[in-house]
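A.B. asks: From the sequence below, what's the structure:
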Amino acid sequence: MWINEYMAGRARNADVATVGEVITANNGRVAVGSTKNYDALPVIAPSGIAYVPVAGASTIVMEGAGGAVCLGVIAAPPEPLEAGELMLYSAGGASIVLKNNGKVLINGREVS
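C.D. replies: Have a look, this model is predicted:
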């Protein structure tokens, strides 16, 4: 997966990875408070997914020779998932769940 290759390349030169808190987020960049404050960090996400973390969310920042990046937020899904299931959800409560049995739930309702 491209993100693993990208991070593996950066990890060789990584100085530190730290847990922080999102202070502000705008246009795919975040300010993070940690042992050190970071401004306008790019947010790493899988290809085809873009998101803006919510202020106050816990996050991981990795520093390397190429600069610092926000690796994403540390969060548990709002409802239990079985191993292998996938949920996309927003801070406003919208969700899409891909179930292991082939069902798709949008905002809790099964669609076919």
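A.B. asks: Tell me how far the most centrally placed residue in the chain lies from G20.
C.D. replies: Most central in the chain under Cα atoms, centre = their mean is G72, positioned 3.0 Å from the mean C-alpha point. Taking Cβ to Cβ, to the nearest Å as the measure, G72 falls 12 Å from G20. For glycine as for every other residue, the C-beta is placed from the backbone atoms N, C-alpha and C.
A.B. asks: V97 too?
C.D. replies: From V97 over to G20 (counting by Cβ to Cβ), the distance is 29 Å.
A.B. asks: As a check, name the ranges of all strands in the protein.
C.D. replies: Per DSSP state E, the chain carries strands over the ranges 16-26, 29-33, 37-42, 58-64, 67-73, 86-89, 95-98, 104-106, 109-111.
A.B. asks: Save these as a markdown table, and put in distance to E79 and mean pLDDT too.
C.D. replies: As requested, the strands of the chain are exported to a markdown table (distance: least, Cβ to Cβ, whole Å; pLDDT from 0 to 100):
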| stretch | distance to E79 | mean pLDDT |
| --- | --- | --- |
| strand 16-26 | 23 | 90 |
| strand 29-33 | 26 | 93 |
| strand 37-42 | 29 | 92 |
| strand 58-64 | 19 | 91 |
| strand 67-73 | 17 | 90 |
| strand 86-89 | 8 | 92 |
| strand 95-98 | 8 | 95 |
| strand 104-106 | 10 | 97 |
| strand 109-111 | 14 | 95 |
